[in-house]
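Colleague: got a structure for you, letters missing:
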């Protein structure tokens, strides 16, 4: 693909070129040039880490506006289970689901329902021994895109199932269309998202050519209106009973939730992009043994740590766990009729955005040039040049994007050499 959709964007007027973001980007997608950050769309995986660390809030995530609901005859909200962790003293998720109906949705269908189905299918595939181990979860789109870029040898390990968001959207449209006799084209399904990677995933889905999701509204954007709707006096006894998911599905909001829903042991769950990269490197080096399933979340704490959430992820995680005593274990199950809904229809492919050249001989020449220049650099990865590391700077120089003298250390040495040469000329003139 030559085109890339991204939800993460830069607000140049706020950017001060501080280089904080370039050091935290997991794919080295950001550079600072002429005093402003610049995001390489080919490398960006929309993990949102730059949004999280920017001290000036110069990065933001595009998401669907609430007024987009007006364009649909029947409006359906599919909230991520992370939404339930945003509210204090919540003991009934139906309060949240009813609140969504109050602010303009005709129906609410929890993503935790799709999560329970995905967990069921995962178990079935393991029992059939059809997967390459260790199997890596496909639930976090930022992680899947990271694998496509930096760890192509692990592509075959990725679970070939659509994420719960996509599964839930299709389940909702099928059920509502059959029940109401309504064409699917009139049913708008909107995901309430905790992160920008999920916004990108509905616009450019993984594992299929198109998405059944019609919009992704950030939790942060919908939270004020939803809170206001929920704050109005609620009669628990007369509350519409909407929830159709259990503890196993809601647990997907937190790191380890997916693993616990599918496995009793022999799994590993890691969260936070740096930890994710570390685990992927160890899998690639075959240093992780006796593990069947690996759950990876780019955000710390899992989806509750998404940059589009409003609550501290650790507080939200505690709130999710408190809901256990109010929920059944599980309410949704997989059957063979769901195969067309849940399985990938397109294989995952390597995205060679880091290739130096299409010509292999030219690429080897460039690699040698990069290595020679890298040896001349100070190896302290200060970021003053606007590139995240000395190696990345050397690559930028060889690609013709910057000059060697953009490194302050090389520039200082050149200035010193020139001053020494002038000094020697002066000394020579005086000796005549």
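Modeller: Alright, I've got the coordinates. All figures in this text were calculated on a predicted structure; none of them were measured in a lab.
Colleague: how much space between residue 50 and residue 401?
Modeller: 19 Å (Cβ to Cβ, to the nearest Å). The way it works is simple: take the backbone N, C-alpha and C, and place the C-beta from them, glycine included.
Colleague: Those two: who's more crowded?
Modeller: Taking other Cβ atoms under 10 Å, residue 50 and residue 401 do not tie; residue 50 has more neighbours (26 against 14).
Colleague: Please, which helix or strand holds that one?
Modeller: helix 49-53 (DSSP states H and E).
Colleague: Could you list the buried residues of that helix?
Modeller: 49, 50, 51, 52 (16 or more other Cβ atoms under 10 Å).
Colleague: the strands in this protein, which residues?
Modeller: 8-10, 30-33, 36-39, 59-61, 74-79, 107-108, 135-136, 187-193, 215-218, 267-271, 293-297 (DSSP state E).
Colleague: looking at these, which is closest to residue 244?
Modeller: Nearest to residue 244 among the strands of the chain is strand 107-108 (9.8 Å), distances taken as Cβ to Cβ.
Colleague: what's the average pLDDT for the closest one?
Modeller: Mean pLDDT, computed over strand 107-108, is 98.
Colleague: Need the per-residue pLDDT for residue 357.
Modeller: 88.
Colleague: nearest residue to it other than its sequence neighbours?
Modeller: residue 363 (4.3 Å; Cβ to Cβ, 6 or more residues apart in numbering).
Colleague: Surely the one you found is in contact with residue 356?
Modeller: Yes - here residue 363 reaches residue 356: they are 4.5 Å apart, a contact under Cβ atoms under 8 Å.
Colleague: So for the two, which residue has more residues nearby?
Modeller: Using other Cβ under 10 Å as the criterion, residue 363 and residue 356 rank with residue 356 on top: 17 against 13.
Colleague: got a list of what the more buried one touches?
Modeller: Contacts for residue 356 (Cβ atoms under 8 Å, 6 or more residues apart in numbering) come out as 362, 363, 366, 367, 370, 395, 398, 399.
Colleague: gap between stretch 36-47 and the chain center?
Modeller: Averaging C-alpha positions (Cα atoms, centre = their mean, to the nearest Å) puts stretch 36-47 13 Å from its chain's average.
Colleague: Okay, buried residues for it please.
Modeller: 36, 37, 39, 42, 43, 44, 45, 46, 47.
Colleague: distance of the second one from residue 215?
Modeller: In other words, residue 37. Counting by Cβ to Cβ, the gap from residue 37 to residue 215 is 28 Å.
Colleague: Residue 106: neighbouring residues, count only.
Modeller: 16.
Colleague: in the stretch 251-400 of the chain, which spans are helices?
Modeller: With helices called from DSSP state H, counting those that start in this stretch, the stretch 251-400 of the chain shows them at 257-262, 273-284, 313-322, 339-342, 360-376, 390-398.
Colleague: Least confident secondary structure element in the chain?
Modeller: Sorting the helices and strands of the chain by mean pLDDT, DSSP states H and E puts helix 408-431 at the bottom, at a mean of 77.
Colleague: what comes into contact with that one?
Modeller: 376, 377, 378, 384, 385, 404, 405.
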